[in-house]
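**Q** dropping a prediction and its sequence here:
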Amino acid sequence: MAKVRHSRFDCSPGCAVEAAIGLIDGKWKSVILFHLLSGTLRFNEIRRHIVNVTPRMLTNQLRELEEDGLIDRKVYAQVPPKVEYSLSPLERSMEPILLSLKEWGDANIGLYGKPHQAQTGDHIEATAG
């Protein structure tokens, strides 16, 4: 069953937050957007950055991001077809938010079951928090 996607918001006090999160929710959307911050990527380049995503899921997430105006998809008329994905100006305006999320995640990942990597001397040591 298809997910109902932000067709209407109730405009309660959290409506703007709900709308913003609604655009980037999805298992891989924010990760895709983060990787596109570095520049234009092709489908397989995105897959190499996100090794656990299936081709079908990546296709679906890219389509939704394009439908929502967050990414631009450029198709080149050649054989074999070449398709590139880049951030739209709308998504570029969210760049500081994505970078802040990454910074917060880097600082707090140890709290959520994954060891935080801390550089100590010539070796890397995992810490529990």
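**A** Now that the structure is in, tell me what you want to look at.

**Q** which residue ranges form the strands in the chain?
**A** 41-42, 71-76, 82-87, 116-120, 123-127 (DSSP state E).

**Q** of the ones you listed, which shows the lowest average pLDDT?
**A** The minimum mean pLDDT among the strands of the chain belongs to strand 123-127 (a mean of 44).

**Q** for the residue nearest to the spatial centre of the chain, what are its contacts?
**A** The centre of the chain sits closest to residue 30, judged by Cα atoms, centre = their mean, with a distance of 2.1 Å. Applying Cβ atoms under 8 Å, 6 or more residues apart in numbering, we find residue 30 in contact with 24, 98, 101. Quick note: C-beta positions are derived from backbone N, CA and C, even for glycine.

**Q** hmm, try it at 10 Å
**A** Contacts of residue 30 were listed using Cβ atoms under 10 Å, 6 or more residues apart in numbering, and they are 21, 23, 24, 61, 94, 97, 98, 101, 102.

**Q** residue 90 now?
**A** Residue 90 makes contact with 23, 68, 69, 70, 71, 72 under the criterion Cβ under 10 Å, 6+ apart.

**Q** how near is residue 64 to residue 106?
**A** From residue 64 across to residue 106, the span is 27 Å (Cβ to Cβ, to the nearest Å).

**Q** circling back to that earlier point, of the contacts of residue 90, buried ones?
**A** 23, 68, 70, 71, 72 (16 or more other Cβ atoms under 10 Å).

**Q** which residue is the nearest non-sequential neighbour of residue 76?
**A** Among residues not flanking residue 76 along the chain, residue 82 sits closest, at 4.1 Å (Cβ to Cβ, 6 or more residues apart in numbering).

**Q** pretty sure that neighbour contacts residue 42?
**A** Yes. If you go by Cβ atoms under 10 Å, residue 82 and residue 42 touch, sitting 7.1 Å apart.

**Q** okay, the residue nearest to the centre of the chain and residue 76: tell me how far apart.
**A** Distance from residue 30 to residue 76, by Cβ to Cβ: 27 Å.

**Q** ditto for residue 21
**A** Counting by Cβ to Cβ - residue 21 and residue 76 are separated by 33 Å.
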